[in-house]
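[1] 3D, please:
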Amino acid sequence: MAGQGRAQGRVGTWPRPGWAGAAPWPIPLPGLAGPLAAQLRAWAAVEVAPGRLMPWLPVAFGTGIAVYFTAEREPVWWVAAALAMGAVAVAALVRTHVAFPVALGCAAIAAGFATGAIKARIVDHTVLRFTAYSVGVSGFVETREERERSDRIVLRVTAMEGARLAERPERVRLTVRKGSAPAVGTFVAMKARINPPTQPLRPGSYDLARDLYFQGIGATGMVLGAIRPAAPAAAPGWHLRFATAVEAIRDAIDARIRAAIPGDAGAIASALITGKRDAMSGSVFDAMFISGVGHVLSVSGYHMALVAGVVFFILRAGFALVPGLALRHPIKKWAAAAALVAAACYLVLSGAEVATQRSFIMTAVVLVGVMADRPALTLRTIAVAALAVLLLAPEAVVHPSFQMSFAATLALIATYERGIPWISAGPDTSLGARVALWGAREAGFLMLASLVAGFATMPYAAYHFHRLAPYGVVANLLAMPVISAVSMPAGLLALVAMPFGFDGPLWRLMGVGIDWMIMVATWVAHLPGAVGHIHAFGMGALLLATAGLIVLCLLRSPLRWAGAGLAAAGCIAALLAARPDVLVSATGEVVALRGSDGRLTVLKSGNNDGLAVGDWLNADGDARLATDHALAQGFACDPDGCAGRLADGAIVAVARGPGALADDCSRAALVVTPRAPPPDCAAMVIDRKALRDTGAVVLYRRDGRFEVLATRPGGVDRPWARGYGQGETRPALRPARPPEVDATPPADADAEE
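    Numbers count the residues shown, from 1 in each chain. All right, here's what the predicted structure looks like:
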């Protein structure tokens, strides 16, 4: 009755919206008449009924953030904020009008755009623009990361000195020799080569510079020589002291795990508990991702939900054994509160990475809903969680972990709410009781959940990683129940038993489940066709697939089946996406062209850009390795340069010496060179100066001409990808006969940096 009174109070407080009546939605549908128009109006009225717009708010909010990231130049944050406030005011004024849903959506889009601009303003910091050599750096070690072949640290810089060092970033990420990374909280000094954050290796690929910018990191690099402990000029702040204490706990737990579980199983166990996930062998790492269970290695929603769920279940079951507590007190809320505390501790213990923070926010929303007597798994819950995550970390909207985790969760909740009846039916029904008796209900739900989550995340895995896991459902069905029922509970109990010295057997029990998962992953990875390669496709196909998923999951009327058409259109667009004919790295030292056999031929002129080759092959759906010497067989070389042919017979020349330019300019359709071309060059020329600003470029050969797509198109100037400033001239990719010639030799060009 109390709940009914509150509901009646809300109804009496707000005027009844004119758009929310039971009658068909009063919007005309031109060109449609009769029963079809009436049916469409009725379906539209169902979709905008009270409470139905809530799940669409994070969609519109995220759309606004995505629009922010597409801007060529950084928006003025206060103008964006003023626009958002105006849009919210308009939506409030028309809340009883038929235009309210549209006004609310526009307000959410404007608010998302403003949130992105404000977050960029808050984290604004110095970003290095040019490589600096032999730089003296000193500062506090904030984080330490162990990897298979090297270690990595993030340094809070207190002093940085070097020749021609125009910018001095506040935080840098440095690679160090394996085993030489100092402890978190240590003040150190060293010599290092520091580089600007890595730009995308090709248009549309992963933008590390953008991610590092929102993490507050302004440069990356490599330590040269020894790392020297030093006396700090000032004491570290409380944040660093807290991080030092947490890191000491993580190191102690990691050491206990490795002592009890040797090899890759110990590395995975440490990844599950402490978040240290980079010390396993490459073969096991690849097998896990090929098989589709690689998501276990990143502490995300699955781990956070499992930790909270185990604590909630154990405590609630324990409280229920005491009749006095169970009958007189809200033990369910007590268990939820304890699970929330456990999830917060796990967040800190696992390193509190961005993906883990998002997972904690979502888990916290669910647990708070339990404490507030709200349903735990609803579309409203995920909507609130998504809004919270995007408000605190708007950059998450373009990150694959956010996209995949929320796509999977959205699809699972929609399936749970409106799917097969036995999913949400309890075992108290006759049919449910019989099915649950044999365990088929649980097994069927696990299989269905794997299928639903797999299909929901497939577009994002294909877009970001260019590969699919055809046997992912099989691997997850075989491995994840053991991890959920054995390894993670054993690991949590080991943490509790660790202060008393009885954690060893529990760690070893955890290792048994992980060994099983490794065996499953290795077996699945070696099945025929286990690696599903797919070539890169554009953002348009991903947006179509995303729109299809959202429409399928959020709409309730038969209109939702339009989402299947959108998803199918996205898949077709992805499969029909054109592949580039020429790729040139940001340094110009790596050039790839597509020959008559349809495969890439790759020429490397130096020892760098190995990552670019691997990324290009992966994006082309090519299973060859970047170390394969046969990749360059399509080029014919002499001491002055190399040349290869495209499928239409056009010549692509890589001119290294001045003697090759004259011949290449007269015969080739495209010349890639570190030098300035002669003024009468008849070929299209890509030189080093142009690449400094455009970054890596791809070219499409159409109708005898090249269409160029640059990583950083002209006019783009964002905090993580600075363009040329006022008074600076932006080099261009030069076609034949440029008006001016700069004959600066490459050595002097390097000195400018």
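[2] so for stretch 197-210, what gets flagged as buried?
    Along stretch 197-210, the positions that meet the burial threshold by neighbour count (16 or more other C-beta atoms under 10 Å) are 197, 199-210. Every residue, glycine included, has its C-beta placed from N, CA and C.
[3] which residues are contacting that stretch?
    69, 127-128, 196, 212-213, 217-220, 395, 398, 464, 536, 538-539, 580, 583, 585-586, 611-612, 615-616, 619, 695-698, 709-712, 718, 720-721 (C-beta atoms under 8 Å, 6 or more residues apart in numbering).
[4] which ones among those residues are found in strands?
    Among these, the residues falling in strands (DSSP state E) are 219-220, 583, 697-698, 709-710.
[5] from those, which would you call buried?
    Applying a neighbour-count criterion of 16+ other C-beta under 10 Å, the buried members of those are 219-220, 583, 697-698, 710.
[6] so which of those is the closest to residue 92?
    Distance to residue 92, by C-beta to C-beta, is smallest for residue 710 among these, at 43.2 Å.
[7] for that closest one, which non-adjacent residue is spatially closest?
    residue 694 (3.9 Å; C-beta to C-beta, 6 or more residues apart in numbering).
[8] tell me how many other residues crowd that neighbour.
    For residue 694, the neighbour count with other C-beta atoms under 10 Å is 25.
[9] I figured it hits residue 711, correct?
    Yes. Under the contact definition of C-beta atoms under 8 Å, residue 694 touches residue 711, with a separation of 6.6 Å.
[10] ok, residue 550 touching residue 59?
    Yes. In this structure, residue 550 sits in contact with residue 59. The criterion is C-beta under 8 Å, and the distance is 5.8 Å.
[11] redo the buried residues of stretch 197-210 as CSV? Include pLDDT, secondary structure and distance to residue 144.
    Output for those, formatted as CSV (pLDDT from 0 to 100; DSSP: H, G, I helix; E, B strand; the rest coil; distance: C-beta to C-beta, whole Å):
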residue, pLDDT, secondary structure, distance to residue 144
197, 92, coil, 19
199, 88, coil, 26
200, 91, coil, 27
201, 90, coil, 26
202, 91, coil, 31
203, 90, coil, 34
204, 87, coil, 32
205, 89, coil, 28
206, 89, coil, 23
207, 91, coil, 25
208, 90, helix, 19
209, 92, helix, 22
210, 93, helix, 24
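[12] could you dump these to JSON lines with distance to residue 350?
    Compiled in JSON lines, the buried residues of stretch 197-210 are given as follows (distance: C-beta to C-beta, whole Å):
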{"residue": "197", "distance to residue 350": "25"}
{"residue": "199", "distance to residue 350": "30"}
{"residue": "200", "distance to residue 350": "28"}
{"residue": "201", "distance to residue 350": "29"}
{"residue": "202", "distance to residue 350": "32"}
{"residue": "203", "distance to residue 350": "34"}
{"residue": "204", "distance to residue 350": "31"}
{"residue": "205", "distance to residue 350": "28"}
{"residue": "206", "distance to residue 350": "23"}
{"residue": "207", "distance to residue 350": "25"}
{"residue": "208", "distance to residue 350": "22"}
{"residue": "209", "distance to residue 350": "26"}
{"residue": "210", "distance to residue 350": "24"}
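[13] how about low-confidence regions in the protein?
    For the chain, residues meeting the criterion pLDDT under 70 lie at 1-34, 278-279, 299, 354, 376, 419-446, 606-609, 723-753.
[14] mind listing what's buried along the longest helix seen in it?
    Taking DSSP state H as the assignment, the helix of the chain that covers the most residues is helix 440-465. Residues of helix 440-465 classed as buried by neighbour count (16+ other C-beta under 10 Å): 441, 445-446, 448-454, 456-465.
[15] one more: stretch 700-707?
    Counting neighbours by 16+ other C-beta under 10 Å, one finds that the buried residues in stretch 700-707 are 701, 706.
[16] to the chain's geometric centre, what's the distance from it?
    Here the centre of stretch 700-707 is set off from its chain's centre by 33 Å, with C-alpha atoms, centre = their mean, to the nearest Å.
[17] that one: end-to-end distance?
    Length of stretch 700-707, first residue to last, C-alpha to C-alpha, to the nearest Å: 5 Å.
[18] residue 177 bridge partners, please.
    Beta-bridge pairing for residue 177 (DSSP bridges): residue 150.
[19] ok, now which ones touch it?
    150-151, 223.
[20] now residue 634: closest residue in space that isn't a chain neighbour?
    On the basis of C-beta to C-beta, 6+ apart, the spatially nearest residue to residue 634 that is not a chain neighbour turns out to be residue 601, at 3.0 Å.
[21] where does the one you found sit: helix, strand or coil?
    State at residue 601, reduced to three classes by DSSP: H, G, I helix; E, B strand; the rest coil: strand.
[22] who's it bridged to?
    Counting by DSSP bridges, residue 601 is bridged to residue 593.
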